[in-house]
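> Make a model of this:
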Amino acid sequence: MLSLAEAIDGWLDFLAGERGLSDRTLRAYQTDLASFTAFVAAEGCPWHTCDAAVLNRFLSREQPRLNHRSLARRLSALRAFYRHACRVGWCPANPALRVRLPNPGRPLPHTLSVAEVETLIAACRTPLERALVELMYACGLTASQAAELKVSDLQAEAACLCLRDRRERERVVPVGEWALAALAAYLTQTPGLPERRLFVDGRGRPLNRFAIYRAIRTLAERAGLPGEITPHTLRHSFALHLLEGGADLLDVQELLGHTSLAATRIYARLALVHPSSG
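Below you'll find the model as predicted:
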């Protein structure tokens, strides 16, 4: 019986000659199976009689140091190799067909600490920048929601904001005093009719969501904050800080406008692993 290294070399020669795969692809397969070769040697298990349990142990050992995509590539290489091995009679069955990768789960979102949000706000140089950041963080707005706001949507006396979803359903969210103060300073310099868009540039043109993305990214770079900071980073931070402050998950769901509580539970997961934001 061929050794595993000899079998892999034979398979790679087949792929190069019969399938015409590139050197890059062949090297990737070789790399993916090199760790499996070492694993089989350490286990003392003949490679041609490995079952799904052995392959699962191998992938479990690999999982802590690989992301889900790399782990999936390992499994794909194993399936392809054992498929060839079965075709040429090296082993009786393909054990990799019974192996399934664990569900990686929804990745946790990137958030800012309270101190980092304050640093972002401190980097604002204009009333528009300050009002935009303060309101988006205070209300957990998406870039599209912020872009579509009208002056009349802000009810300063009632300290609230009227939002509409894609189905034109309205909901009201509270606005904190810091955001109200920033908006008052901004609107003093840029007064407008009630039906005018709330956030406009120096020429009075409404900011679209792309302009808002650019504004937040520019502010984050100016503030020296690491990672990719987007409007959604502020929204995620808003939700996390509410939970850390003692808010109920149902309240956070309502403030974010989630139709399902399942979408909000990711912040409960985040709160369990996130260091204190104080």
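> Next up, phi/psi of residue 162, please.
phi -90, psi 120 (degrees, to the nearest 10).
> What separation is there between it and residue 188?
For residue 162, the distance to residue 188 equals 21 Å [CB to CB, to the nearest Å]. No exception for glycine: its C-beta is placed from N, CA and C like everyone else's.
> Between the two, point out the one with more neighbours.
residue 162 (15 against 9; other CB atoms under 10 Å).
> hang on, residue 231 packs against residue 216?
Yes. Between residue 231 and residue 216 there is a contact under CB atoms under 8 Å: 5.3 Å.
> for the residue nearest the centre of the chain, helix, strand, or coil?
Centroid-nearest residue in the chain: residue 109, 5.0 Å away (criterion: CA atoms, centre = their mean). Per DSSP: H, G, I helix; E, B strand; the rest coil, the local secondary structure of residue 109 is coil.
> Now for it: which residues touch it?
232-233, 236, 266, 270 (CB atoms under 8 Å, 6 or more residues apart in numbering).
> next one: phi and psi at residue 150?
Residue 150 has phi and psi values of phi -110, psi 160 when expressed as degrees, to the nearest 10.
> who does it bridge with?
On the basis of DSSP bridges, residue 150 takes part in beta bridges with residue 197.
> Report the separation between it and residue 11.
64 Å.
> If you count surrounding residues, which of those two has more?
Using other CB under 10 Å, the more surrounded residue of residue 150 and residue 11 is residue 11, with 23 against 16.
> What is the helix or strand hosting that one packed up against?
Element membership for residue 11, per DSSP states H and E: helix 4-14. Helix 4-14 is packed against helix 23-43, helix 68-87, with contacts defined by 3 or more CB pairs under 8 Å, 6 or more residues apart in numbering; DSSP states H and E.
> do that again at 6 Å, thanks
With contacts defined as 3 or more CB pairs under 6 Å, 6 or more residues apart in numbering; DSSP states H and E, the packing partners of helix 4-14 are helix 23-43.
> Can you check what angle separates whichever helix or strand comes after the helix it packs on from helix 68-87?
Toward the C-terminal end, the helix or strand that comes next after helix 23-43 (DSSP H and E) is helix 52-62. Angle, helix 52-62 to helix 68-87, by axes from the mean of the first three to the mean of the last three CA atoms, to 10 degrees: 150 degrees.
> Centre of the chain to helix 52-62, how far?
Centroid displacement of helix 52-62 relative to its chain, using CA atoms, centre = their mean, to the nearest Å, is 27 Å.
> Kindly report the same for stretch 153-172.
Distance of stretch 153-172 from the chain centroid (CA atoms, centre = their mean) equals 27 Å.
> how long is it end to end?
Length of stretch 153-172, first residue to last, CA to CA, to the nearest Å: 9 Å.
> List the buried residues in it.
Judged by neighbour count using 16 or more other CB atoms under 10 Å, the buried positions of stretch 153-172 are 153-154, 160-161, 163.
> Domains in this structure, by residue range?
Listed by automatic domain parsing, the domain ranges of the chain are 4-98, 114-273.
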